[in-house]
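1. structural data only, the sequence is not supplied:
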């Protein structure tokens, strides 16, 4: 069996690995073929030959595109390493320019992630790239990373939701890597009367509209993006994006609870005020347990750490 496998691997080409990595990134054979300027039948045949040589099904094919199987997700980690090393050799010894950069990230609604993402894009200095940043629901973040629609997901856990979040992450074959612990803050408009206080209490918030991010059909206290999700509120508004939540903070004087890390450059009209509660928020990123991070993903994680460190927050190792 080992001899047969070795023989099959000798027949795999670097071109097939490049096709495979691109299809995994695009989620579509036709889209990947367009990106690489290859005829779709040629790419499909190459991928079927790859699966045949490996003796494993790498993709689940449907009318909506393709998703990786468990074997495909594991193989992707190795394929990426080979393709990246090949490109480094070509750049160093053949004088070829860097290839198109690829990275997809799914995250809860954190401005420090946007800041880090922007820095990562600028630092890549790539002439061609296809980056994706998706601010979305907690359940969808886990599902995006599980299916490798995104390579990295960013979310929080705390004492209340950790058991459920850890179970979902574990069952998806993912790993949670902590970044930092944050003390809860409220985000409010600079014009809000509470903006000048050193801290606020839950009683201070009783007459203000509470703004939360909608979790869709998978709505649950444990999947809420905000802590203290079980507390009732006289006035509550659910939204789906950060622009809307900030506009409602300004227009209605509402608040939301988050990390306290907010960029003045990205969100100049919003301030963070400490919330006096006995809670803490653990922010981290999730990735596949069996897939190594690409160089681009490692750069993004490094940028997140740099952004957070600039706010004086102690990073977790």
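-> Cool, the structure landed. Just so we're clear, the structure is a prediction, and the values are computed from it rather than from any experiment.

2. tell me the helix or strand right after the least confident helix or strand in the chain by mean pLDDT.
-> Across the helices and strands of the chain, the lowest-confidence element by mean pLDDT, DSSP states H and E is helix 2-10, at a mean of 51. Using DSSP states H and E, the helix or strand that directly follows helix 2-10 along the chain is helix 14-26.

3. mind listing residues that contact that following helix?
-> With CB atoms under 8 Å, 6 or more residues apart in numbering as the test, helix 14-26 has contacts from 29, 32, 35-36, 38, 43, 46-47, 49-50, 58-59, 66, 68, 72, 75-76, 79-80, 82-83, 86, 102, 104, 130, 148. Bear in mind the C-beta positions are built from the backbone N, C-alpha and C, glycine included.

4. at 7 Å instead, please
-> Contact with helix 14-26 is made by 29, 32, 35-36, 43, 46-47, 50, 58, 66, 68, 76, 79-80, 82-83, 86, 102, 148, as judged by CB atoms under 7 Å, 6 or more residues apart in numbering.

5. can you check stretch 55-68 too?
-> 20, 23-24, 27-29, 51, 69, 71-72, 75-76, 147-148.

6. in it, what's buried?
-> 58, 59, 65, 66, 67, 68 (16 or more other CB atoms under 10 Å).

7. take the contacts of stretch 55-68 and keep only those in helices.
-> Applying DSSP state H to these, the entries found in helices are 20, 23, 24, 29, 51, 71, 72, 75, 76.

8. residues in contact with the last one?
-> For residue 76, the set of contacting residues under the criterion of CB under 7 Å, 6+ apart consists of 21, 24, 68, 148, 291.

9. packing partners for the helix or strand containing residue 307?
-> Residue 307 is part of helix 295-309 when elements are defined by DSSP H and E. Packing partners of helix 295-309 (3 or more CB pairs under 7 Å, 6 or more residues apart in numbering; DSSP states H and E): strand 101-107, helix 111-124, strand 174-182.

10. again, only this time at 10 Å
-> helix 70-93, strand 101-107, helix 111-124, strand 129-135, strand 152-157, strand 174-182, strand 281-288 (3 or more CB pairs under 10 Å, 6 or more residues apart in numbering; DSSP states H and E).

11. among the ones you listed, which is nearest residue 261?
-> helix 111-124 (4.8 Å; CB to CB).

12. buried stuff in the closest one?
-> Buried-residue list, helix 111-124, by 16+ other CB under 10 Å: 111, 112, 113, 114, 115, 116, 117, 118, 119, 120, 121, 124.

13. my guess is the last one meets residue 296, correct?
-> Yes - here residue 124 reaches residue 296: they are 7.0 Å apart, a contact under CB atoms under 10 Å.

14. thinking again about what came up before, tell me the buried residues in the helix holding residue 307?
-> So for helix 295-309, counting by 16+ other CB under 10 Å, buried means 295, 296, 297, 299, 300, 301, 303, 304, 305, 307, 308.

15. to residue 268, which of the helices and strands packed on helix 295-309 lies closest?
-> Short answer: helix 111-124, nearest of these by CB to CB, at 11.1 Å.

16. let me see the mean pLDDT of that closest one.
-> Mean pLDDT, helix 111-124: 93.

17. swap in stretch 228-236?
-> Stretch 228-236 comes out at a mean pLDDT of 92.

18. so which bits of it are buried?
-> Buried-residue list, stretch 228-236, by 16+ other CB under 10 Å: 228, 229.
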